[in-house]
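*Asks:* fold the following.
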Amino acid sequence: MARVKPKRQGFHIDMTPMSDMAWLLLTFFILTTQFRKPEVVPVKTPGSVSTQKVQDGGLVEIIVNSDGQYYFGIIDDKNKKPILEKMGEKYKIDFTEQEKNSFYSLSEVTVPIGSLKQFLNMEPAQQKQNIPGIKLDSANLQLMDWIDASFEVDPELKLAIKGDVNTQYPKFRELVKELVNRDYNRFQLITSSEAKPKE
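*Replies:* Residues are numbered from 1 along each chain as shown. Sure thing, here's the model as predicted:
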């Protein structure tokens, strides 16, 4: 008598828990991601073979564009309002709560402190057209005052310089001289990544 072959049973894997987990992870990353504010000042950084990455938070940066104008950037949002208040105390300027909230949305300080109050009351489209830079000369060291205010608020901050590849050397020399005069001897240079040369 011929043997009866048992019917082969297909197997079934329940994918519901896996799809639930994927949606939970996606939701988590969407809700916790902090997007960087768009930069107002276009800067093309020089290339470098360094693989060290600049940290995302706890950083203030000095930006030097191709025309040699200086700007000040605060990467950490939690320090923005206290730094603005310190500068307001130093220059005897009272910023309203609305102006502080407007400052919070900026990625860089692009105007001298005397024009900042008016600048903060402009529409964002007008702000993008008004970027004269911050003074750094022997008579007016506002840029250094921004750095001082930052380190008074949070001494753990790190300082970085982001310069355009076409910036003239005397502008960097002047900046580094003023930093050294105020004992800011440690800072990072922000460069763009470049492939390492083959040996």
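
*Asks:* and the strands in the chain?
*Replies:* 47-48, 59-64, 70-74, 108-109, 158-163, 188-189, 192-193 (DSSP state E).

*Asks:* out of those strands, nearest to residue 146?
*Replies:* Closest to residue 146 of the strands of the chain, according to CB to CB: strand 70-74, at 4.5 Å. Heads up, the C-betas are built off the backbone N, CA and C, glycines and all.

*Asks:* gap between the residue nearest to residue 182 when sequence neighbours are not counted and residue 178?
*Replies:* Of all residues not flanking residue 182 in the chain, residue 144 sits nearest, at 5.8 Å (CB to CB, 6 or more residues apart in numbering). Per CB to CB, to the nearest Å, residue 144 is found 6 Å from residue 178.

*Asks:* now residue 11
*Replies:* 72 Å.

*Asks:* and those two? which has more neighbours close in?
*Replies:* residue 178 (18 against 4; other CB atoms under 10 Å).

*Asks:* contacts only, for the most centrally placed residue in the chain.
*Replies:* With distances taken as CA atoms, centre = their mean, the residue of the chain nearest its centroid is residue 75 (3.6 Å). By CB atoms under 8 Å, 6 or more residues apart in numbering, residue 75 lies in contact with 56, 57, 58, 59, 60, 61.

*Asks:* buried residues, the longest helix seen in the chain. List them.
*Replies:* The longest helix of the chain (DSSP state H) is helix 16-32. Residues of helix 16-32 include none that count as buried (16 or more other CB atoms under 10 Å).

*Asks:* may I have the predicted confidence score for the residue nearest to the centre of the chain?
*Replies:* At residue 75, the model reports a pLDDT of 85.

*Asks:* residue 63 versus that one, what's the distance?
*Replies:* Distance from residue 75 to residue 63, counting by CB to CB: 12 Å.

*Asks:* equivalent analysis for residue 184, please.
*Replies:* Distance, residue 184 to residue 63, by CB to CB: 16 Å.

*Asks:* out of the two, which sits in the more crowded spot?
*Replies:* Neighbours were counted for residue 184 and for residue 63 using other CB under 10 Å; residue 63 has more, 26 against 16.

*Asks:* so what's the more buried one up against?
*Replies:* Counted by CB under 8 Å, 6+ apart, residue 63 has contacts 41, 43, 70, 71, 72, 73, 108, 162, 163.

*Asks:* show me the contacts for the residue nearest to it when sequence neighbours are not counted.
*Replies:* Nearest residue to residue 63 in three dimensions, chain neighbours excluded: residue 71, at 4.1 Å (CB to CB, 6+ apart). Shown in contact with residue 71 (CB under 8 Å, 6+ apart): 41, 62, 63, 64, 65, 108, 109, 110, 131, 133, 134.

*Asks:* repeat that for residue 77.
*Replies:* Per CB under 8 Å, 6+ apart, neighbours of residue 77: residue 104.
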